[in-house]
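Engineer: Coordinates for the following, if possible.
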Amino acid sequence: MQGHQMTVVEADGHYVKPFVVKNLNIYSGETYSVLIKADQDPNRNYWLASNVVSRKPGTPTGTAYLSYYGGRSSPRRAPPTTPPAGPAWNDVTYRFNQSVATVAHPAHVQTPPPRADRTILLLNTQNKIDGRIKWALNNVSFELPHTPYLVAMKSGLLGAFNQTPPPETYAHQGYDIYGVQANPSATTSNALETHPWHLHGHDFWVLGYGIGRFDPAVHPATYNLKDPILKNTVAVHPYGWTALRFKADNPGVWAFHCHIEAHFFMGMGIVFEEGVERVSELPSEIMGCGVTKGGH
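Structural biologist: Take a look at the predicted model:
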């Protein structure tokens, strides 16, 4: 926003400790509220610019005008300057710093559980599977079954999806995140990409971020348990890790996936089964997919 700074006050429906930015990163699935001081010359217009990050953009910068109400400049008159260039698409540092700066407002802290009852470690990789580029978590590429999980579980249709429990960890002790080319089935084409992870059915506490290999024997001691922000979408930055915690208190079947929809389609996601036995009887109107009505 040319000539103006933004004070971030809210993220994903929760108040944050206010912080000021010139450029605001908004990843797919996220929401933010900002405050702006309209204290510049009201007789001209100002550029608003939206840029692509994480990948070298193949589209032009999106632009609009900020026009002060009551000023002498027409809302349709172009600003007297060129549109701002914005940050470099491959500048990871400022994106990472914004994530770290997003913590709960002091008056609106909801303290997370101090310890986890269950810990799941997920390694996100891009792989070639049957000659196709796919995404995988702990070497499992997600595919949506024809019969919805909740319908299959409540109806006892155990053959509707793979019953093998997915791995909840990976060989993190010796994993080199910078040397994935040593794996012949892995690719490195998205090394600078930030992935926005979204959880259905819950908000989660964002306990920490880091660059480099996650060490479950070391990094949990660095978690922010004092004032972590609650969100439903969070960034995982290039060559980095993000730590989350949530309460499994909402019975159902909930997807956790990259909110770049093409990545979810390519396998970057998992599903949490949560207290399905406590879900009430499902309405007959939804029994129309997969094997529930003879489909396939």
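
Engineer: contacting residues for the residue of the chain positioned farthest from its centre?
Structural biologist: Distance from the centre of the chain peaks at Arg72, with 41.9 Å (C-alpha atoms, centre = their mean). Going by C-beta atoms under 8 Å, 6 or more residues apart in numbering, Arg72 touches Pro42, Asn43. For the C-beta atoms, the positions are set from N, CA and C on the backbone; glycine is no exception.

Engineer: distance of it from Thr82?
Structural biologist: From Arg72 across to Thr82, the span is 22 Å (C-beta to C-beta, to the nearest Å).

Engineer: ditto for Asn138
Structural biologist: Distance from Asn138 to Thr82, counting by C-beta to C-beta: 47 Å.

Engineer: okay, those two: which has more neighbours?
Structural biologist: Asn138 (17 against 9; other C-beta atoms under 10 Å).

Engineer: Can you tell me the closest non-neighbouring residue to that one?
Structural biologist: Of all residues beyond its chain neighbours, the one nearest Asn138 is Pro167 (4.3 Å), with distances taken as C-beta to C-beta, 6 or more residues apart in numbering.

Engineer: cool, and Arg44?
Structural biologist: Ser73 (5.1 Å).

Engineer: Next: Leu35.
Structural biologist: Closest residue in space to Leu35, ignoring its immediate chain neighbours: Thr7 at 4.4 Å, by C-beta to C-beta, 6+ apart.

Engineer: tell me which element the one you found falls in.
Structural biologist: For Thr7, the enclosing helix or strand under DSSP states H and E is strand 6-11.

Engineer: Mind giving me the packing neighbours of that strand?
Structural biologist: Here strand 6-11 touches strand 14-21, strand 32-35, going by 3 or more C-beta pairs under 8 Å, 6 or more residues apart in numbering; DSSP states H and E.

Engineer: Show the contacting residues for Met6.
Structural biologist: Val20, Val21, Lys22, Leu24, Val34, Leu35, Ile36.

Engineer: Could I have the buried ones of those residues as ChimeraX selection syntax?
Structural biologist: ChimeraX command restricting the contacts of Met6 to the buried ones, with burial defined by 16 or more other C-beta atoms under 10 Å:
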select :21,34
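
Engineer: Could you pick out the longest helix of the chain?
Structural biologist: Criterion DSSP state H: the longest helix present in the chain is helix 92-101.

Engineer: Distance from that one to the middle of the chain?
Structural biologist: Helix 92-101 sits 14 Å away from the centroid of its parent chain (C-alpha atoms, centre = their mean, to the nearest Å).

Engineer: in it, what's buried?
Structural biologist: Val92, Arg95, Phe96, Gln98, Ser99.

Engineer: wait, Phe256 sits on Gly201?
Structural biologist: No - using C-beta atoms under 8 Å as the test, Phe256 is too far from Gly201 to be in contact (9.4 Å).

Engineer: show me where pLDDT drops low in this protein?
Structural biologist: Across the chain, residues meeting the criterion (pLDDT under 70) sit at 177-191, 293-296.

Engineer: Show me where it has its strands.
Structural biologist: Ranges of strands in the chain, per DSSP state E, are 6-11, 14-21, 32-35, 45-50, 62-67, 124-129, 132-137, 195-199, 204-211, 230-231, 233-236, 240-245, 252-258, 269-274.

Engineer: Can I get those in TSV including distance to Leu158?
Structural biologist: Listed next are those as TSV, based on distance: least, C-beta to C-beta, whole Å:
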stretch	distance to Leu158
strand 6-11	40
strand 14-21	39
strand 32-35	43
strand 45-50	47
strand 62-67	48
strand 124-129	25
strand 132-137	23
strand 195-199	26
strand 204-211	29
strand 230-231	34
strand 233-236	32
strand 240-245	30
strand 252-258	15
strand 269-274	13
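
Engineer: Figure out which of the ones you listed is closest to His219.
Structural biologist: strand 204-211 (6.1 Å; C-beta to C-beta).

Engineer: What strands line up against that closest one, and which way round?
Structural biologist: Looking at strand 204-211 with DSSP bridges, its partner strands are strand 230-231 (antiparallel), strand 240-245 (antiparallel).
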